[in-house]
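# Pasting a predicted model and its sequence here:
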Amino acid sequence: MTKPKYVILVGDGMGDYPVASLGGRTPLEVAHTPFMSHVARMGEIGTVQTIPLGMEPGSDIANMALLGYDPAVYHTGRAPLEAASLGVSLGPTDTAFRCNLVNLEQDTDGTERMGDYSAGHISTAEAHELIRALQSACEGLPLRLYPGVSYRHLVVWEGGPTALETTPPHDIIGQPTESYAAVYEKMDILRTFMTRCRHILADHPVNRRRREAGLREANAVWLWGQGRAPSMPTLQDLFGIRGVMISAVDLLKGLGIYAGLTPLHVPGATGYLDTNYAGKVSAALEALQDMDLAFVHVEAPDEAGHEGSLTKKVQAIEDFDGKVVGPMLDGLARYGRCHVLIAADHLTPLSVRTHVADPSLFALFKGNVQDPVPEGRDMVFCEAAARESGLHLDSGTDLFRRFMGGPSQI
């Protein structure tokens, strides 16, 4: 029998809680999502616990779980995954940190707060200009600074510690930063680096231009997600499949590299509402001519959740459905039998503006996408339908095995 094509489409953080202004419905329930709902009608819908008990509900852990790896076994930190995407080779004692360009606000009483974890979704061109200037902050320190995409960058500390209680900046939006920044104050190297960065950023031309345009400045850096390089078997070793990873963010690309997937660069992929959806779909369908699996990740719903914007989240969900899921289903018709998994890696509720560890939702179909919809299968892809189906999987590993349709060594 010819091997089927395997497709995983992830709307990052698109799951949510009921919203009062929507009459107790969620963004998924009010969004127009005919294509995700079609997959649910054609196959099955359910919930999955992508975040193992006691672990932080981050996209690194959740997407690792969606790829079938147990984060409790393989996860060492977020930043090492991003390092792989940036082509940064980590030595056995190197500790990688995610380095966000952030905006810190100051109250009239001097209290400093996390104004924006993304410095107003600063452009990659502006960010790279700032990162070039910040290289001097590493002088005399065992640190290396690497540019990434938009606000997301990387710092590597040669011989650095891993057991630090750092906090993702998107978890503390609007909150005073003093208690969260204490971890940096206790370590001379980090304190020196971050202080130098603030001085360099204070009146940099990029920030002057952003200030004049009424945009948030990138007036500080924030380090988090640290860890050392993980050791993971590839999906080819485990299942005998080759595939590609398509995402705008280095986290997913790096995760793909460790899983043995080829990361594809899509021009115009931004990780936000303006991303190149069509380019991602085209790259996936082209890759499937020779590859077995395509993992397509869209970050926009998560970003909207962090912003607390209902309008943007509904738009991001509808764009994911109409510009990714729909065209992918059309394109998959040429391949015959396919396994299609639609999933939110985790929930990013508008009410809390960060990730939560609640079970996420998925829809899974195996067959020809042109098959007729079974009678009596009228449902919407949403949290309530997933819960009411009665299908709950305890881990991403369980979901991936179900998706693949066979055993593995994971």
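Nice, thanks for sending it over.
# okay, how far is it across stretch 296-312, tip to tip?
20 Å (Cα to Cα, to the nearest Å).
# Quick check: mean pLDDT of it?
On average, the pLDDT along stretch 296-312 is 97.
# Residue 146 against residue 84, yeah?
No: assessed by Cβ atoms under 8 Å, residue 146 is found out of contact with residue 84, at 11.7 Å. Just so you know, the C-beta spots here come from the backbone N, C-alpha and C atoms, and that holds for glycine as well.
# So which of the two has more stuff around it?
Of the pair residue 146 and residue 84, residue 84 is the one with more neighbours under other Cβ atoms under 10 Å, namely 22 against 18.
# Name the SS class of that one, please.
Following DSSP: H, G, I helix; E, B strand; the rest coil, we place residue 84 in the helix state.
# which residues touch the spatially most central residue of the chain?
Nearest residue to the geometric centre of the chain (Cα atoms, centre = their mean): residue 59, 4.6 Å. Contacts for residue 59 (Cβ atoms under 8 Å, 6 or more residues apart in numbering) come out as 12, 13, 78, 251, 252, 302, 345, 346, 355.
# Take the residues you listed and write them to JSON lines, including distance to residue 113, secondary structure and neighbour count.
Output for the contacts of residue 59, formatted as JSON lines (distance: Cβ to Cβ, whole Å; DSSP: H, G, I helix; E, B strand; the rest coil; neighbours: other Cβ atoms under 10 Å):
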{"residue": "12", "distance to residue 113": "26", "secondary structure": "coil", "neighbour count": "29"}
{"residue": "13", "distance to residue 113": "23", "secondary structure": "coil", "neighbour count": "30"}
{"residue": "78", "distance to residue 113": "23", "secondary structure": "coil", "neighbour count": "26"}
{"residue": "251", "distance to residue 113": "26", "secondary structure": "helix", "neighbour count": "27"}
{"residue": "252", "distance to residue 113": "30", "secondary structure": "helix", "neighbour count": "30"}
{"residue": "302", "distance to residue 113": "22", "secondary structure": "helix", "neighbour count": "28"}
{"residue": "345", "distance to residue 113": "28", "secondary structure": "coil", "neighbour count": "31"}
{"residue": "346", "distance to residue 113": "25", "secondary structure": "coil", "neighbour count": "28"}
{"residue": "355", "distance to residue 113": "20", "secondary structure": "coil", "neighbour count": "26"}
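# Could I get those residues in CSV, plus columns for distance to residue 47?
Compiled in CSV, these are given as follows (distance: Cβ to Cβ, whole Å):
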residue, distance to residue 47
12, 17
13, 15
78, 24
251, 23
252, 22
302, 18
345, 13
346, 12
355, 16
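# and residue 83, what does it touch?
Per Cβ under 8 Å, 6+ apart, neighbours of residue 83: 89, 90, 96, 146, 154, 156, 229, 254.
# C-terminal to the longest strand along the chain, which secondary structure element comes first?
Identified as the longest strand of the chain according to DSSP state E is strand 94-106. Using DSSP states H and E, the next helix or strand after strand 94-106 towards the C-terminus is strand 112-116.
# which SS state does residue 45 fall under?
Judged by three-state DSSP, the three-state class of residue 45 is strand.
# hang on, isn't it packed against residue 365?
No: using Cβ under 8 Å, residue 45 is not in contact with residue 365, being 9.8 Å away.
# Can you pick out the residue with more neighbours from these two?
For residue 45 versus residue 365, neighbours defined as other Cβ under 10 Å are more numerous around residue 45 (26 against 22).
# Tell me the bridge partners for the more buried one.
Note on residue 45: beta-bridge partners by DSSP bridges are residue 363.
# just checking, next helix/strand downstream of the longest helix that the chain contains?
Ranked by number of residues, the top helix in the chain under DSSP state H is helix 188-202. Next helix or strand after helix 188-202 toward the C-terminus (DSSP H and E): helix 205-212.
# helices or strands up against that next one?
helix 124-134 (3 or more Cβ pairs under 8 Å, 6 or more residues apart in numbering; DSSP states H and E).
# Lovely, talk soon.
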